[in-house]
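J.: quick one: sequence and predicted model below, then my questions.
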Amino acid sequence: MFTRITRRGVLSAAAVASASALVLTGCGGGDDALSSGGDNQKVVVGSADFTESQTIAAIYAEALNDAGIEAETQPAIGAREAYVGAVQDGSVSVVPDYSGNLLQYFDEVTAPLTEDEVMEFLPPNLPEGVGVLDPSSAENKDAMVVTRATADEYGLTSIEDLAAVCSEMTLGAPPEFQERSYGLPGLQANYGCVPANFSPINDAGGPLTVQALLDNTVQVADIFTTTPAIKQNDLVVLEDPENNFLPQHVLPLYHEDDLSQDARDVLNKVSATLTTDDLIALNERVSGDEKASPEQAAKDWVADHNLS
Amino acid sequence: MAGEVVNVLEQTWQWFADPASWEGAGGIWSRLLEHLGYSGLVLLIAAVIALPLGILVGHTRAGGNVVVGVAGALRSLPTLGLLTLFALWIGLGLTAPVMALVLLAIAPLLTGAYAGISTVDPVVVDAARAQGLTEWQILTRVELPVAVPVIFGGIRNATLQVVATVTIMAYIDLGGLGRFLIDGLAVRDYSRMVAAMILAAILALLLDAVLAAAQKLLSSPGLSKED
């Protein structure tokens, strides 16, 4: 009897092993994106390996196609190292990025910067042959977020207001927040805010962080501004007048030889139209219960907005 | 590349050599103690659940299929996923990760206890029964002493897995050696991560040595002479 049981155990273990092997191979396919493309006729819109970037890339491609400029997407190329390289070598014509992090990638930013300063420093720091177009008002950056109840109780609208009551609060954020210049050191230097406790939660402002905020385990949390949970739970994003958090406006990073003036005009039109609320709504459609594809969400957004 | 590795190892060494790394609330000593505490708590709860169940099933030989199936299924559960799921249900704190880790530890303990008892030679058990021993006496005087090495195998296996996996507690706002691992990764400080891995490995080996000694003490001398 015992041997029979054991064999069955081995079989189910093998099934699990092969299933996880499938998942693993599924994750590794991203690098091939770099080898193809490079067709000069077609605009290739790349994206980083997270959903919001893929949705914005799909919007770029949809808007270009809508304007009669042939475009295709090359989704989920990888992290910034990978897609900046792809734009540099021309295998990708354009990719959506975020102004502050892009500047940070090429040049260490230490002092707080305004959006205008970021846009002033960005072009001269870009490698040759690569440029950026107009930034959109849509922004996805780290922000100090509190519940509506906390905001009402203490009358909070900005991090300046928070400073007065910081010492009574537990702050929840990813572990790096303890050490990064925009994290606890920045809050102290720019606002004199030193929280009573720091609660490291390693899900990048995801569901666990939101949960901790809602059940009052933490009173203030570091959450990205385009997280749908902010809207869903009526959370309050505190303003950052001292620019402790680097501005992160969405903008196209492009290979200068691969994008015609017409195409640039189209993408500038997209940037002029796209808002942070749009990004929240798009993220909710793609990552929420609806599970819409980035392409479908992009198609609907372009159809709903007059870009011509 | 090789130079980078050497560099990380050198920084790890410097980190160990710095007395400041060892002291205070976030120092190595307190993290080690937290790590031991979490591991002990998880193993205790898992043992209270899994050992009696495994022994009972092994003795009666009823439901062995279910035990092996359940233990196999538990092994395949990703502990970090469970931690996140439980933390979303019941909030941050100790309960969620302890539940996730108990499920991890149950599998080796349960199969160890079940396999240890159920593989005792039926001839020996029948002989004991023929001598007039009660079922309780058979279990405590015949089956358990014979099964000690296999049951301890399960306990040592569970201990190794738990000591290694308690590091994920630092995924949320808890301590333990995982704090060095996860905080180090967050700021790309690989030397701290290497240090955490070395400490967790040493801790696991030490605990295993202690358990091996306990196993030797508890094993009937007759078992080793026979081999």
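T.: All right, it came through fine. In this text the structure is predicted, and so the values were computed from the model without any measurement.
J.: look at the spatially closest residue to residue A:112 that is not a sequence neighbour and report its pLDDT.
T.: Leaving out its chain neighbours, the residue that sits closest to residue A:112 by C-beta to C-beta, 6 or more residues apart in numbering or on different chains is residue A:243, at 4.0 Å. The way it works is simple: take the backbone N, C-alpha and C, and place the C-beta from them, glycine included. What the model reports as pLDDT for residue A:243 is 92.
J.: where does residue A:221 sit, in terms of helix or strand?
T.: Per DSSP states H and E: residue A:221 is located in strand A:220-224.
J.: report how many residues lie close to residue B:66.
T.: Using other C-beta atoms under 10 Å in any protein chain shown, residue B:66 has 11 neighbouring residues.
J.: return the list of helices and strands in contact with the lengthiest helix in chain B.
T.: Ordering each helix of chain B by length in residues (DSSP state H) puts helix B:28-60 first. On a contact count with 3 or more C-beta pairs under 8 Å, 6 or more residues apart in numbering or on different chains; DSSP states H and E, helix B:28-60 meets helix B:64-76, helix B:95-118, helix B:144-165, helix B:178-186, helix B:190-218.
J.: now the strands for the stretch 101-250 of chain A?
T.: Using DSSP state E, counting those that start in this stretch, the strands of the stretch 101-250 of chain A run over residues A:130-132, A:142-146, A:170-173, A:197-200, A:220-224, A:236-237, A:250-255.
J.: quick check: what element follows the longest strand anywhere in chain A along the chain?
T.: If you go by DSSP state E, chain A has its longest strand at strand A:71-78. For strand A:71-78, the following helix or strand on the C-terminal side (DSSP H and E) is helix A:80-88.
J.: okay, the angle between that following helix and strand A:71-78?
T.: Angle of helix A:80-88 versus strand A:71-78, following axes from the mean of the first three to the mean of the last three C-alpha atoms, to 10 degrees, is 150 degrees.
J.: what is helix A:80-88 packed up against?
T.: Judged by 3+ C-beta pairs under 8 Å, 6+ apart, the packing partners of helix A:80-88 are strand A:43-48, strand A:71-78, strand A:94-98, helix A:99-106, strand A:130-132, strand A:250-255.
J.: what residues does the third one touch?
T.: Contact with strand A:94-98 is made by A:43-48, A:53, A:56-57, A:60, A:77, A:80, A:83-84, A:86-87, A:132, A:139-141, A:248-255, A:258-259, A:263, A:267, as judged by C-beta atoms under 8 Å, 6 or more residues apart in numbering or on different chains.
J.: residue 154: neighbouring residues, count only.
T.: If you meant another chain, say so; for now it's chain A. Using other C-beta under 10 Å, residue A:154 has 15 neighbouring residues.
J.: wait, I meant chain B there
T.: For residue B:154, the neighbour count with other C-beta under 10 Å is 26.
J.: show me where pLDDT drops low in the chain?
T.: Because you didn't say which chain, this covers chain A. A:1-40, A:308 (pLDDT under 70).
J.: wrong one, I was asking about chain B
T.: Regions of chain B meeting the criterion pLDDT under 70 cover residues B:1-2, B:224-227.
J.: which parts of chain B sit against chain A?
T.: B:61, B:64-65, B:68-69, B:72-73, B:75-76, B:84, B:87-88, B:91-93, B:118-119, B:170-173, B:179, B:182-183, B:186-187 (C-beta under 8 Å from any C-beta of the partner chain).
J.: nearest residue to residue B:163 other than its sequence neighbours?
T.: That would be residue B:204: by C-beta to C-beta, 6+ apart, it lies 4.4 Å from residue B:163.
J.: ok, that neighbour - contacts?
T.: Contacts of residue B:204 by C-beta under 8 Å, 6+ apart are B:159, B:160, B:163, B:164.
J.: mind running it again at 7 Å?
T.: Counting by C-beta atoms under 7 Å, 6 or more residues apart in numbering or on different chains, residue B:204 touches B:160, B:163, B:164.
J.: residue A:41: neighbour count?
T.: Neighbours of residue A:41 under the rule other C-beta under 10 Å: 5.
J.: show me the residue at the heart of chain B, geometrically.
T.: Centre of chain B computed as the mean C-alpha position; nearest residue by C-alpha atoms, centre = their mean is residue B:159, 2.2 Å away.
J.: quick check: that one vs chain A, distance?
T.: Separation of residue B:159 from chain A (C-beta to the nearest C-beta, to the nearest Å) stands at 21 Å.
J.: cool, thanks, signing off.
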